[in-house]
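Q: One predicted model, sequence on top.
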Amino acid sequence: MANDFAVELRDVVKLYGEVAAVDHVTMSIRQNEFFSLLGPSGCGKTTSLRMIAGFERPTSGIVAIDNKIMGATPPFRRDVNTVFQSYALFPHLTVEQNVAFGLQMKGVSKTEIKRRTQEALELVRLPQLAARYPKQMSGGQQQRVALARALVNRPRVLLLDEPLGALDLKLRKEMQIELKTLQSQVGITFIYVTHDQEEALTMSDRIAVMSHGKALQVGTPLEIYERPNCRFVADFIGETNFLDGTVTEVRGDFAYLTLPSGEVFSGRASEGVRAGTQATLSVRPEKMQLLENASTATANTYQVHVFSIAYVGSDTRVIINLGSQRIDVWEQNSSSTLNPDDYFFKSGESAWLTFKPENALVLAS
Amino acid sequence: MMNAIRERKQLQIFGLMLPGAFWLIVFFALPLLVIFVISFMARDDLGSPIPPYSLDNYQQALDGLYLNLFVFSLWISLLTTIITLLLSFPVALYISRSPKRWRNTLIFMVMIPFWTNFLVRTYALEFMVRANGPINVVLLSLGLIKEPLSMLSTPAAVLVGLVYGELPFMILPLYASLEKFDWAMFEAAQDLGANMWRAFLRVMLPMTMPGVLAGSILVFVPSVGSYITVELMGGGKINMIGRVIASQFGVASNWPFGSAISLLLMIVVTIAALIYFRVGRGERMAL
């Protein structure tokens, strides 16, 4: 296996009884990458992480770290460290002793332990709390200690299991940026488990979206958001509108979809979309416009009924009806006016909906 | 107003304490005081305590013979505690790792022996290790031994009896500690490079130290003064301090001397327990 992957999962399956927690997952995580496993709870992301750490063994398939197949290698012989969701700081040891633990196990000399522990605590900006016990600290501080305790060992790969899950929103946002900065600073591969799509988009170089034990799509945040490869990914990441219909024609990169009510929409055809099959058009609310007047000759343009509008500051969220279909459209508030009439859509009136075919996706059902 | 409420609260607490305090004073503090006074007295020809008051009993108790018995009793109790701890830890660990619906059943099984009278159980144990008891009979019939092993009346027999009797008192507190143990801690230790053994020693043991301490005290203290087990399993040939006390209050009819030894035993056990807690305290501090 001559390649430059930090971690590889090849056709990994983990069964609990009859249930597949991880179902034939294959993914390659590059060196120094910030890689996220994203999905709802029970999607197999934590189980995948635990198999990399060595706490679980795959029922079948291969886990390789640094091109070495792990097999039955126990956790303490793997060059990875974990930041646990609960932090799992040792309550009977001080912060300093917690951070020093891994180095002591490796038999590093006392002076070096002292130096590296100090360094690690400075990295997470907590050197002044070295003598505290974990329970004397706030959640955010404990979180940093857990990070320092893992990073001090300079592992090849750092595994993070929803490390920010227990923090309040503000602290969470701060730590997201801090973690990302830290990762580029230390140059270690991070594998990050989260169910928060915004968190994954903010921090990751690449994301694997998981559902029911399967890795549905692996890609950059841009790819995942702009080119979801299936309905689940499009739905799970960000907001989107789905229009179900039948594919009437595929021309080049584009597919034409006819709704049951007769309207025809076009969008980028994704894999498996063929004429005559059922498919779904996915278009995000911010990629559509509402106009007072438009020509029906333009593609994807129809007269619609404005159902409700909500001003949310950065944009105005409009819900429109196209026949019985409900569609969300977000109009960016690019001008700073106080006159409500300038937001020309009023509920109960009609407007024209339009969007470019290249901004919509036709997904195979 | 606030003061009135506070006073009322204090009165309530005082009222709640009253029955228990009464019990302790009448059946513990007063008898202890009586023993304390008697221990400085002499005995008449019939064995009743009489003045004059002196330290003679204590002097006698601290001479070679009885001092050796103290040391021997402490030694046997220490061994009992260590063996019980070693046997109980895996059991408590197993129960705490069992599925929730099984745990109560398993704990129940640990406590079942309490349903039978302790004396009866000890007699049964004595019967097992007798010269013509089941163990010897089986070993003889299998041809593994030529003549019956004389297991009874040895320190080992006493040890077996004590360990048997004290086992539940170690398992229960250990289980209480282990059940609360967060296994993510064990995984964290392994994740940081500790093998199973070191994860146990460095993380699990210190974190379950309260259970270890409680169990050890519960086993050690009664063992030092144990009487029935020593009497039956020792076959009258093994002497420990509990037997001396029993005989002073019984056949020897020397209450003053028995009282002195009893108080010395209390002091020794208290000191031993204090040392033990002092040693264990460092580990428990942060828990």
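A: The structure has been received and is ready for your questions.
Q: Am I right that residue A:142 is in contact with residue A:89?
A: Yes: using CB atoms under 8 Å as the test, residue A:142 is close enough to residue A:89 to be in contact (5.9 Å). For the C-beta atoms, the positions are set from N, CA and C on the backbone; glycine is no exception.
Q: which residues of chain A fall in helices?
A: When assigned using DSSP state H, the helices of chain A occupy the ranges A:45-53, A:95-106, A:110-123, A:139-151, A:169-186, A:197-203, A:221-226, A:231-236.
Q: Ok, which of those comes nearest chain B?
A: Closest to chain B of the helices of chain A is helix A:95-106 (CB to the nearest CB; 3.6 Å).
Q: ok, and for that closest one, which residues are buried?
A: The neighbour-count check on helix A:95-106 (16 or more other CB atoms under 10 Å in any protein chain shown) flags A:95, A:96, A:97, A:98, A:99, A:100, A:101, A:102, A:103, A:104, A:105 as buried.
Q: Export it to PDB, keeping only CA atoms.
A: The C-alpha trace of helix A:95-106 is given here as PDB (Å, rounded to 0.1, in the frame of the first residue of the first chain):
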ATOM      1  CA  VAL A  95      -4.400  18.600  35.100                       C
ATOM      2  CA  GLU A  96      -0.600  18.300  34.800                       C
ATOM      3  CA  GLN A  97      -0.700  14.600  35.800                       C
ATOM      4  CA  ASN A  98      -3.500  14.000  33.300                       C
ATOM      5  CA  VAL A  99      -1.500  15.500  30.500                       C
ATOM      6  CA  ALA A 100       1.700  13.700  31.500                       C
ATOM      7  CA  PHE A 101       0.000  10.300  31.600                       C
ATOM      8  CA  GLY A 102       0.600   9.300  28.000                       C
ATOM      9  CA  LEU A 103       4.300  10.300  28.200                       C
ATOM     10  CA  GLN A 104       4.800   8.400  31.400                       C
ATOM     11  CA  MET A 105       3.300   5.300  29.700                       C
ATOM     12  CA  LYS A 106       5.800   5.700  26.900                       C
END
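Q: Any residue of it touching chain B?
A: Yes: using CB under 8 Å from any CB of the partner chain, helix A:95-106 reaches chain B at A:101, A:102, A:105, A:106.
Q: Give the other helices and strands that that helix contacts.
A: When contacts are defined as 3 or more CB pairs under 8 Å, 6 or more residues apart in numbering or on different chains; DSSP states H and E, helix A:95-106 sits against helix A:110-123, helix A:139-151.
Q: hey, which of these is tucked in deepest?
A: helix A:139-151 (a mean of 23; mean count of other CB atoms under 10 Å in any protein chain shown).
Q: near chain B at all, that one?
A: Yes: using CB under 8 Å from any CB, helix A:139-151 reaches chain B at A:149, A:150.
Q: Report the distance from the strand or helix carrying residue B:105 to the chain centre.
A: If you go by DSSP states H and E, residue B:105 is part of helix B:100-111. Helix B:100-111 sits 23 Å away from the centroid of its parent chain (CA atoms, centre = their mean, to the nearest Å).
Q: hang on, the earlier thing: out of the buried residues of helix A:95-106, which two are the most distant from each other?
A: A:95 and A:105 (17.3 Å; CB to CB).
Q: Surely residue A:359 and residue A:287 touch.
A: Yes: judged on CB under 8 Å, residue A:359 makes contact with residue A:287 at a distance of 4.1 Å.
Q: returning to what we had before: list just the nearest of the buried residues of helix A:95-106 to residue A:202.
A: Once CB to CB is applied, the member of the buried residues of helix A:95-106 that ends up nearest residue A:202 is residue A:99, at 27.0 Å.
Q: For the closest one, which residues are in contact?
A: A:117, A:120, A:121, A:145, A:148, A:149, A:152 (CB atoms under 8 Å, 6 or more residues apart in numbering or on different chains).
Q: Which residue, other than its chain neighbours, is closest to the last one?
A: Spelled out, that is residue A:152. Computed as CB to CB, 6 or more residues apart in numbering or on different chains, the closest residue to residue A:152 that is not its neighbour in sequence is residue A:120, at 3.8 Å.
Q: per-residue confidence for the one you found?
A: pLDDT, residue A:120: 92.
Q: Residue A:150 is in contact with that one, correct?
A: No: in this structure, residue A:120 is not within contact of residue A:150 by CB under 8 Å, at 9.0 Å.
Q: Okay, buried residues for the one helix or strand residue B:96 maps to please.
A: Using DSSP H and E, residue B:96 falls within helix B:64-97. Using 16+ other CB under 10 Å as the test for burial, helix B:64-97 gives B:66, B:69-70, B:73-74, B:76-77, B:79-81, B:83-85, B:88-89, B:91-93, B:95-96.
Q: Also stretch A:279-294?
A: Of the residues in stretch A:279-294, A:279-290, A:294 count as buried by neighbour count, 16+ other CB under 10 Å.
Q: Start and end of it, how far apart?
A: Start and end residues of stretch A:279-294 are separated by 27 Å (CA to CA, to the nearest Å).
Q: what does the stretch 51-200 of chain B put close to chain A?
A: By the rule CB under 8 Å from any CB, the part of the stretch 51-200 of chain B lying against chain A is B:182, B:184-185, B:187-195, B:198.
Q: What subset of those residues is buried?
A: The buried subset of those (16+ other CB under 10 Å) comprises B:184, B:185, B:187, B:188, B:189, B:190, B:191, B:192, B:193, B:194, B:198.
Q: now the fourth one: how far from residue B:139?
A: In this view, residue B:188 and residue B:139 are 48 Å apart by CB to CB, to the nearest Å.
Q: just to revisit the earlier point, shared neighbours, residue A:142 and residue A:89?
A: The contact sets of residue A:142 and residue A:89 overlap at residue A:134 (CB under 8 Å, 6+ apart).
Q: so what's the backbone phi/psi at residue A:109?
A: With angles defined as degrees, to the nearest 10, residue A:109 sits at phi -70, psi 150.
Q: Many thanks, have a good one.
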